[in-house]
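1. My questions concern the predicted model and sequence given below.
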Amino acid sequence: MAPRLPDGIRIARAREVTKPVGWARELDTFARAFGGAFLFGIPLLYTQETWNIGTYLDAGQLMTMLVVTFAAVLALAHVSGFRSDAGKHRFASDLEQGIEALAVGAVGSLVVLLALGRLGPGDPPDQWIRFVALQTVPLSVGAALGNAFLAEGGGLGGNDQKRPPSAARALATDVGATAFGAFFLAFNIAPTEEVQLLASEASPGHLVALIVLSLVIGYAIVFEAEFLGIGRRRAQTGPFQRPIIETTLSYCVSLAVAAGMLFLLGRMELGDPIRDLVAQTVVLGLPATVGGAAGRLVV
């Protein structure tokens, strides 16, 4: 009689057997692409110099950047495939995958720019085009890189065969990994003026949109994108390993890291209005959440 496997490993293997197909697989593919886009490209979405450049670049300059970017993602698609099951790399398939990477970058940049209040109904159409086109460059490359280097590739890794940790240890590990990842990515943005600028201009609707977007991205990166480490996460058990609970808890940890970093860097003080404290924390909470999600995939 074969030895009985731990419950976590049996659950993980059962999920591997029932991998999504059809539209469900397409959704997972695009979740991985969007996850990679935000992991690699979100710092430039918070850069004022990039916003300023977007106000004066002409159509020829933007088109040149998009052509160069398309060539880069086309090369990555040929090497690794935008989809893990792309099969033989024919030119038509590479072309389709390159276009999809650009589309992911464009949609991702549009959503974040709207949530950050960088674009609005009062802005002229040409500004929408310039801003989205410029930010499409890093996000589309990030989408291609995320699949090329971080895809799980199916099945459980070698470390996934070990007995999963206890619920308490898994919780402690997740909190620590989230805090480390949030600190690593948010530290690149926290010292800049952009956080205060975005917070001062953000309406309550923008802040709510940032909260929702942070939760959705955090969930997608860890539980839907099929990145490296998903096998280990599926093998974990415990009350805090449920996707919704873990995502909410990790977002709270990321907010705490963001607020602590802003205080330590002197960007916020206890005497500041509550509205300013909340707004700055929520604005920095988006990149902190992305970094925290990446940190949880590593452990």
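-> Looks like it arrived, so ask away. Residues are numbered from 1 along each chain as shown.
2. Tell me how many other residues surround residue 180.
-> 18 (other C-beta atoms under 10 Å). Every residue, glycine included, has its C-beta placed from N, CA and C.
3. err, residue 64, not the other one
-> Applying other C-beta under 10 Å, I find that residue 64 has 11 neighbouring residues.
4. all strands of the protein, in order?
-> Read by DSSP state E, the chain holds no strands at all.
5. which intervals of it have sub-threshold pLDDT?
-> Counting by pLDDT under 70, the ranges of the chain that qualify are 1-26, 28, 79-90, 146-166, 225-241, 299.
6. how about the helices of it, start to end?
-> 7-17, 23-45, 48-53, 59-80, 91-115, 125-150, 167-186, 194-201, 204-219, 230-235, 243-264, 274-298 (DSSP state H).
7. contacting residues for residue 62?
-> 129, 130, 133, 134 (C-beta atoms under 8 Å, 6 or more residues apart in numbering).
8. Setting aside sequence neighbours, what's the nearest residue to the first one?
-> Going back to what we said before, that points to residue 129. Using C-beta to C-beta, 6 or more residues apart in numbering and skipping the chain neighbours, the partner closest in space to residue 129 is residue 62 (7.9 Å).
9. measure that neighbour to residue 54 for me?
-> Separation of residue 62 from residue 54 (C-beta to C-beta, to the nearest Å) stands at 9 Å.
10. distance of the residue nearest to residue 129 from residue 272?
-> For residue 62 relative to residue 272 (C-beta to C-beta), the value is 39 Å.
11. now do residue 121
-> Taken as C-beta to C-beta, the span from residue 121 to residue 272 is 30 Å.
12. next one: residue 109
-> 30 Å.
13. neighbour count winner among those two?
-> Between residue 109 and residue 272, counted using other C-beta under 10 Å, the more crowded position is residue 109 (27 against 13).
14. Return the distance of stretch 193-203 from the chain's centre.
-> 21 Å (C-alpha atoms, centre = their mean, to the nearest Å).
15. How about stretch 249-268?
-> 18 Å.
16. who's in contact with that stretch?
-> By C-beta under 8 Å, 6+ apart, stretch 249-268 touches 174-175, 178-179, 182-183, 186-187, 190-191, 195-196, 214-215, 218, 222, 240, 269-270, 276-277, 280-282, 284-285, 288-289, 291-293, 296.
17. List buried members of the residues you listed by neighbour count.
-> 174-175, 178-179, 182-183, 186-187, 190, 195-196, 214-215, 218, 222, 240, 277, 280-282, 284-285, 288-289, 291-293, 296 (16 or more other C-beta atoms under 10 Å).
18. Now for the nearest residue to residue 293 once chain neighbours are set aside: which residues touch it?
-> In space, and not counting its chain neighbours, residue 293 is closest to residue 221: 4.0 Å by C-beta to C-beta, 6+ apart. Going by C-beta under 8 Å, 6+ apart, residue 221 touches 35, 38, 39, 227, 290, 293, 294, 297.
19. Next, format the residues you listed as JSON lines and append distance to residue 71.
-> Converted to JSON lines, those look like this (distance: C-beta to C-beta, whole Å):
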{"residue": "35", "distance to residue 71": "23"}
{"residue": "38", "distance to residue 71": "22"}
{"residue": "39", "distance to residue 71": "22"}
{"residue": "227", "distance to residue 71": "25"}
{"residue": "290", "distance to residue 71": "27"}
{"residue": "293", "distance to residue 71": "30"}
{"residue": "294", "distance to residue 71": "27"}
{"residue": "297", "distance to residue 71": "29"}
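20. okay, and the common contacts of residue 62 and residue 54?
-> Contacts common to residue 62 and residue 54, judged by C-beta under 8 Å, 6+ apart, are 130, 133, 134.
21. Just give the closest residue to the second one, not the sequence neighbours.
-> Using C-beta to C-beta, 6+ apart and skipping residues adjacent in sequence, the residue nearest residue 133 is residue 62, 4.7 Å away.
22. same deal with residue 72?
-> residue 141 (5.9 Å).
23. what's the neighbour count on the one you found?
-> Neighbours around residue 141, by other C-beta under 10 Å: 21.
24. Surely it touches residue 44?
-> No: if you go by C-beta atoms under 8 Å, residue 141 and residue 44 don't touch, sitting 10.5 Å apart.
25. What's the local residue count around residue 129?
-> Neighbour tally, residue 129, other C-beta under 10 Å: 13.
26. Kindly report the same for the one 10 residues further on.
-> Other residues near residue 139 number 30, with proximity taken as other C-beta under 10 Å.
27. gap between it and residue 256?
-> Taken as C-beta to C-beta, the span from residue 139 to residue 256 is 27 Å.
28. Cool, thanks, talk later.
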